[in-house]
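S.K.: Pasting a predicted model and its sequence here:
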Amino acid sequence: MPDPERILVIIPAAGSGSRFGGDVPKQFLPLGGKPLVQRVVERFLFDAVVTRVIVPVADMLLSAVKTSPGERVQFVAGGATRLQSVTRGLEAAGDDVDLVAVHDAVRPFFSIDTFHATLDAARRHGAAFPGIPLPDTVHQIADDAIASTPDRSVLVAAQTPQCFRVAILRDIVARAAREDADATDEAGLAAKYGHRVQLVHGDSMNFKITRPEDLVMAERIYAEWGGEGDA
Ligand code: CTP
Ligand code: MG
């Protein structure tokens, strides 16, 4: 029998939340009484397919969140950009990994079914991400006016968890470090470096908490529907 597949989830949580504002970074604000990042970590730990969870956090928080050896979740120091935080998480993982999922600490309503579908697509194609159609028309702007209007039917908004065979994620983060390149998501970077990144249908519920009004909406949704797989 082949060895069981080892699935690592990296949850970058070292951002400062500049668009959200406030004194406490948004990933530590409560949703239904628990910090967002804790909700996200617990939801992944609840899923038996997940071997390990690594959470990059700001350096100064590291001592406050130390975990014991042998636990399925581990905190590491993040970096100055999201990509650097993901890179630190991957470095901490060692060799015992087959597939890696990268999920924002501030998307509490991801679906386990979509996660599994994305893992499956990454298993088959090497890399995959959940995306959703754009509700609004998008314009490219120059000099405060419309320069062009891309065809919306070929555009999607990228969500997480984005999933990769570990060799592919290692390849793209190493290449980005060499070229001093940055990216707002790893899926786009993988595509830029020539990998096929398979689209999986995402869900509109899996929105990212970016601004204060997103958390207000999340609280309402949580109060109405609760959190599936909640501890
Ligand atoms: N992130 C990270 N390390 C960074 C920057 C971002 O781990 N140096 C994480 C955030 O904590 C978040 C995820 O990447 O979980 C998605 O990023 P985003 O929503 O952009 O969060 P922030 O970068 O914190 O917010 P902003 O861009 O508004 O400053
Ligand atoms: Mg950011």
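M.R.: Perfect, I can see it now. Residues are numbered from 1 along each chain as shown. Ligands and ions are numbered 1, 2, ... in the order given.
S.K.: For the rest of this, base every contact and every neighbour count on C-alpha atoms.
M.R.: Will do.
S.K.: part of a strand, is residue 74?
M.R.: Yes. Judged by DSSP: H, G, I helix; E, B strand; the rest coil, residue 74 forms part of a strand.
S.K.: tell me which element the closest residue to it other than its chain neighbours falls in.
M.R.: By the measure of C-alpha to C-alpha, 6 or more residues apart in numbering, the closest residue to residue 74 outside its immediate chain neighbours is residue 54, 4.9 Å from it. Applying DSSP states H and E as the criterion places residue 54 in strand 52-57.
S.K.: what is the mean pLDDT for that strand?
M.R.: Across strand 52-57, the average pLDDT comes to 97.
S.K.: same question, stretch 157-165
M.R.: For stretch 157-165, the mean per-residue pLDDT is 98.
S.K.: Now do that stretch: everything it contacts.
M.R.: Applying C-alpha atoms under 8 Å, 6 or more residues apart in numbering, the contact partners of stretch 157-165 are 98-104, 107, 110, 115, 118-119, 122-123, 126-134, 186-187, 202, 206-207.
S.K.: Quick check: chain neighbours aside, which residue is closest to residue 117?
M.R.: Nearest to residue 117 is residue 200, by C-alpha to C-alpha, 6+ apart, at 7.0 Å.
S.K.: any idea which element the one you found lies in?
M.R.: strand 198-201.
S.K.: Tell me the confidence at residue 182?
M.R.: 89.
S.K.: Please enumerate residues in contact with the strand holding residue 54?
M.R.: Identification of contacts with strand 52-57 by C-alpha under 8 Å, 6+ apart yields 6-15, 41, 44-45, 72-79, 85-86, 88-89, 93.
S.K.: I'd like the distance from that strand to the chain centre, please.
M.R.: Distance of strand 52-57 from its chain centroid, counting by C-alpha atoms, centre = their mean, to the nearest Å, is 11 Å.
S.K.: Ok, stretch 187-197 next?
M.R.: 16 Å.
S.K.: And for stretch 46-66?
M.R.: 13 Å.
S.K.: Buried residues in it, which are they?
M.R.: Within stretch 46-66, the residues that count as buried by 16 or more other C-alpha atoms under 10 Å are 50-58.
S.K.: any idea how far the residue nearest the centre of the chain lies from residue 179?
M.R.: Centroid-nearest residue in the chain: residue 103, 1.9 Å away (criterion: C-alpha atoms, centre = their mean). Remark: distance between residue 103 and residue 179 (C-alpha to C-alpha, to the nearest Å) = 24 Å.
S.K.: right, and residue 132 touches residue 205 too?
M.R.: No. Contact criterion C-alpha atoms under 8 Å: residue 132 and residue 205 do not qualify, at 10.4 Å.
S.K.: Look at these two and report which has more neighbours.
M.R.: Set side by side, residue 132 and residue 205 show more neighbours around residue 132, with 17 against 13, by other C-alpha atoms under 10 Å.
S.K.: pretty sure that one belongs to a strand, no?
M.R.: Yes. In this structure, residue 132 lies within a strand as judged by three-state DSSP.
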